[in-house]
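Engineer: Provided below are the primary sequence and the corresponding predicted coordinates.
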Amino acid sequence: MAYVQNFTPSQNITTPSILTLLDTSTGTDAAITGRLVYIQTNDGTYLTPTGNVGSAVNWTLPSGTTINIDCMDIDYALNITVQWVGGSTVLYTKTILAEFNSYARIYRYKLFKAIAANPRLIDSDNFFGVVSKITTYIDGANEAVDLGGDITLAQLCNNKAKFLIDNPMLAY
């Protein structure tokens, strides 16, 4: 059976710094001896875990089909490339553009929890404005990736949400 390379990226909502990749490839190729992961931001830099040397993260075989990479300090739109290699030869390559916004979603949830503690907050223009903005930025980043394949616009939305997260007094 022919080898068809594929993977699925996700972000852990309870530990948003962790990017998880699930290898969903089908078929077999005995020449494959390992995988390399490249995680590229909109400005061309590469994310790697602390202590990693170079821009590639080694995803060894036969370590299983999942790898957790602790590399996200903020929300990102990322081009994630996995290369399936045989020795030093790249045999297969797959790149996926993905949006990750767990930090913003966690912050928005904290804002919603604040309403439970103080129901009058919902009537505050500042509070409602921040909740509306962060929701718009989350949706905008998702739409930029899903509909437009636009990593730059997605990261702009993520950066705007980050500003709100870093300035919580804007909501009160």
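Structural biologist: Received the coordinates, thanks. None of these values were measured; they are calculated from a predicted model.
Engineer: and for Ala116, the neighbour number?
Structural biologist: The number of residues packed near Ala116 is 8, by other Cβ atoms under 10 Å. Glycine gets a C-beta too; all of them are placed from N, C-alpha and C.
Engineer: for it, give me the pLDDT.
Structural biologist: The per-residue pLDDT reported for Ala116 equals 90.
Engineer: A strand includes it, no?
Structural biologist: No - assigned with DSSP: H, G, I helix; E, B strand; the rest coil, Ala116 falls outside any strand and is helix.
Engineer: partner residues bridging the most centrally placed residue in the chain?
Structural biologist: Centroid-nearest residue in the chain, with Cα atoms, centre = their mean: Phe100, separated by 3.2 Å. Taking DSSP bridges as the rule, Phe100 bridges to Tyr76.
Engineer: so what's it up against?
Structural biologist: 9, 11, 16, 19, 72, 75-78 (Cβ atoms under 8 Å, 6 or more residues apart in numbering).
Engineer: what's the closest of those to Thr28?
Structural biologist: Pro9 (23.1 Å; Cβ to Cβ).
Engineer: need the contact list for the closest one.
Structural biologist: Counted by Cβ under 8 Å, 6+ apart, Pro9 has contacts 19-22, 78, 80, 96, 98, 100.
Engineer: from the contacts of Phe100, which two are the most distant?
Structural biologist: Pro16 and Ala77 (14.4 Å).
Engineer: show me which of these two is the more surrounded one.
Structural biologist: Ala77 (25 against 19).
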